[in-house]
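1. Structure for the following, please:
(chains A and B)
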Amino acid sequence: MPRIVVENVTLNYPLYGRLTSSQAERLTKAPDLNQSGSQRLIRNKHGGVIGVQALQNVSFTAESGERLALVGENGSGKTTLLQALAQIYAPDVGKIYINGQFTSLVNINLGMQPEASGHRNITLRGLAAGRTREEIEYKRAEIAAFSELEEFLDLPVMTYSSGMRMRLNFAIATAFEPEILILDEWLSAGDSAFRAKATARMKTFVGKAGILVFASHNRNMLLDNCQRAIWLDAGRIREDGPVKDILGAYDQEMVCRQAIRDERSRNSLAAIEAKKSLLTSNHGKKMVRASPAWRARIGALLPGRLLRRIMKILIP
Amino acid sequence: MSLPSNNSGAESSRPGFFSDLIAGLMMWDLWRTFAWDEIQQRYRRSILGVLWIIVSYTIFVIGISIFFSIFTRADAIDFLIYVSLGFAAFTFILSNIIDGCQVFISSRIWIISVSLPYSIYVYRSIFRSVFTFILQLIVALIIMIYAGWRPGPMSLMAMPALLLYLINAVAIQFFWGMISARYRDIVHFVGSLTRLLFFITPILWVREELTGIRAQIADINPLTHFIEILRAPLMGVEPRLSSWMIVLCLTAANWLLAFIATHRVRRRLAYWL
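-> Numbers count the residues shown, from 1 in each chain, chains lettered A, B, ... in the order given. As a prediction, this is how the structure comes out:
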């Protein structure tokens, strides 16, 4: 029987020098504690940002036949959780047990060879799923029919629109009958006809006692496809329960938060306007810029940390 | 994307180095198809297509041996064979280091969306370089047979050398792939070294003709020995025992490095890409 067990998973997303030195400097200098995001930044002892806490102490269990929705704001950790379930990212703390064959569709552009034709991608994805050539040939007609791409399947995938890519990806992923299906929100991007088709397909899939994990912002798709929901908030599970209750509570909270955010952005916009008018009143006076743009640009090319360290040695 | 995970409770940790290697080997149909796609992709829309590998190799080898034969005491025909074998071997080993630096970086899209054994990307990359190598060796053999070369008992000694090339290619790609995914400077470092390596490796010149510091540099250069164990037996010369010993030691070192690098970083690889 397929089963997912997630035990106390904490996952930190390391940045590994992805920040350019000027970005790092800005983050180090101004730890704005009012912003909800900055509490999730992981800092080293000098205050430099070294990572982002993507998931914190997440635990849940999904049994066979369960249709699980993941809801949460942008950046709340939904995609990272899906990637951890798909065993792409290993958690720092905790364990994830997956029983059964799974398919994860986290991003439409991922897992496709853009230069290869649609048919070729069906073959590659089938092989990657551990299927034999015969099984793939057996499924090919079904995939072609479901995706409705017909002769487009002979063209390279890079010529497809994002909707076409999504159709093909979804058709391939579900054709090989996984026991666990992990879907990210991009599925909501399809037109209504395809959404209905996908919903029907997911219903039969879950009817076969599979597990569906589906992250989305589309209320209707979640209500149609899921019965249970997990609300992720800043990397933690805020609530876990029936999809209707959770969505209701989530929507309410989002309205409140949006009001606070609107207020804040209004204030900062007003501050910018005030500055602007000050500038125009000081007409004629040249502004002295604290850091010329060229310096920032050169700084981005040089290994900033190394330079700073050398400077520290030279000028104590 | 799916993974045929075992039903006995797949735990969320990457498999170890050796089980990754074996699991990847089992999926040979996948990496073979992948590699073949890539080869076709590279030469798509060119008229000669894959034949370009043969053409560019032939042009280079013949051009070089005509031009450089005046700098050596060797016979012109011998020198042609010497260059064609040496250049093919050099290209194979070096392309495994260069491709190795990119092996995981260029597979980013797959690595962060599918949980496949990492060795698949390594085998795919090696398949490509082996394909080129085989084509070049065929051309080299044609040149040699045309020049009057006939296989002797000594030529069999080239077989274990070829096997060692393959064994090393796996370890080299794993090691360089892992560390250059983390430290992107490695890619540039290797790139800057390759041109120099071409001149300090005995391909255009014969090591035995040199003395002093240059001979010493040639002996320090590991590529010298890798090339020698393949080229010397095919040219009817017994390779130096020391060359074989050095190559065997380097093979062990390569595998140890690959094991350590993979063991230490495979959990983090997806984050680095």
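
2. Quick check: next helix or strand after the helix or strand of chain A with the lowest mean pLDDT?
-> Ranking every helix and strand in chain A by mean pLDDT, DSSP states H and E puts helix A:21-29 at the bottom, with a mean of 58. Using DSSP states H and E, the next helix or strand after helix A:21-29 towards the C-terminus is strand A:41-43.

3. and A:Ile98, what element?
-> Going by DSSP H and E, A:Ile98 is part of strand A:93-99.

4. Tell me the predicted confidence for B:Asn7.
-> Listed pLDDT for B:Asn7 reads 35.

5. Please disregard the earlier target; I meant A:Gln87.
-> Reported pLDDT for A:Gln87: 85.

6. How about B:Ile47?
-> So B:Ile47 comes in at 81 (pLDDT).

7. May I see the buried residues of the helix or strand harbouring A:Arg264?
-> Element membership for A:Arg264, per DSSP H and E: helix A:243-281. Buried residues in helix A:243-281, counted by 16 or more other CB atoms under 10 Å in any protein chain shown: A:Val243, A:Ile246, A:Leu247, A:Ala249, A:Tyr250. (Glycine included, C-beta is placed from N, CA and C.)

8. can you check stretch A:205-215 too?
-> For stretch A:205-215, by 16+ other CB under 10 Å, it's A:Phe205, A:Val206, A:Gly210, A:Ile211, A:Leu212, A:Val213, A:Phe214, A:Ala215.

9. Stretch A:41-50 now?
-> Buried-residue list, stretch A:41-50, by 16+ other CB under 10 Å: A:Leu41, A:Gly48, A:Val49, A:Ile50.

10. Check stretch B:213-232 too.
-> Buried, per 16+ other CB under 10 Å, within stretch B:213-232: B:218-219, B:221-232.

11. Can you tell me the element residue 196 falls in?
-> You didn't say which chain, so I picked chain A. Going by DSSP H and E, A:Ala196 is in helix A:192-207.

12. Let me rephrase: I mean chain B.
-> B:Leu196 belongs to helix B:185-200, assigned by DSSP H and E.

13. neighbouring contacts of that helix?
-> The contact list for helix B:185-200 (CB atoms under 8 Å, 6 or more residues apart in numbering or on different chains) reads B:90, B:94, B:97-98, B:101-102, B:105, B:176, B:179-180, B:217-218, B:221, B:223.

14. quick revisit: can I get the buried residues of stretch B:213-232 in CSV including distance to chain A, secondary structure and pLDDT?
-> Converted to CSV, these look like this (distance: CB to the nearest CB, whole Å; DSSP: H, G, I helix; E, B strand; the rest coil; pLDDT from 0 to 100):
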residue, distance to chain A, secondary structure, pLDDT
B:Ala218, 35, helix, 86
B:Asp219, 35, helix, 87
B:Asn221, 30, coil, 90
B:Pro222, 30, helix, 91
B:Leu223, 30, helix, 92
B:Thr224, 34, helix, 91
B:His225, 36, helix, 92
B:Phe226, 33, helix, 93
B:Ile227, 34, helix, 93
B:Glu228, 39, helix, 91
B:Ile229, 36, helix, 92
B:Leu230, 33, helix, 92
B:Arg231, 37, helix, 91
B:Ala232, 41, helix, 91
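
15. Which part of the stretch 101-250 of chain B gets nearest to chain A, residue-wise?
-> B:Ser113 (3.2 Å; CB to the nearest CB).

16. Confirm that that residue sits in a helix.
-> No. Assigned with DSSP: H, G, I helix; E, B strand; the rest coil, B:Ser113 falls outside any helix and is coil.

17. tell me the pLDDT at it?
-> Looking at B:Ser113, the pLDDT reads 80.

18. Hmm, A:Tyr89 and it touching each other?
-> No. Here B:Ser113 does not reach A:Tyr89: they are 11.4 Å apart, not a contact under CB atoms under 8 Å.

19. Those two - which one has more neighbours?
-> A:Tyr89 (25 against 22; other CB atoms under 10 Å in any protein chain shown).

20. re earlier: alpha carbons of the helix holding B:Leu196, as CSV, please.
-> Output in CSV follows, covering the C-alpha atoms of helix B:185-200 (Å, rounded to 0.1, in the frame of the first residue of the first chain):
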residue,chain,number,x,y,z
ASP,B,185,36.1,28.3,-10.2
ILE,B,186,37.2,24.7,-11.0
VAL,B,187,35.6,24.9,-14.4
HIS,B,188,37.7,27.9,-15.3
PHE,B,189,40.8,26.4,-13.7
VAL,B,190,40.5,23.3,-15.8
GLY,B,191,39.8,25.3,-18.9
SER,B,192,42.9,27.4,-18.4
LEU,B,193,45.0,24.3,-17.9
THR,B,194,44.0,22.3,-20.9
ARG,B,195,45.9,24.3,-23.5
LEU,B,196,49.1,24.0,-21.5
LEU,B,197,48.6,20.3,-21.0
PHE,B,198,48.4,19.8,-24.7
PHE,B,199,51.9,21.2,-25.1
ILE,B,200,53.5,19.5,-22.1
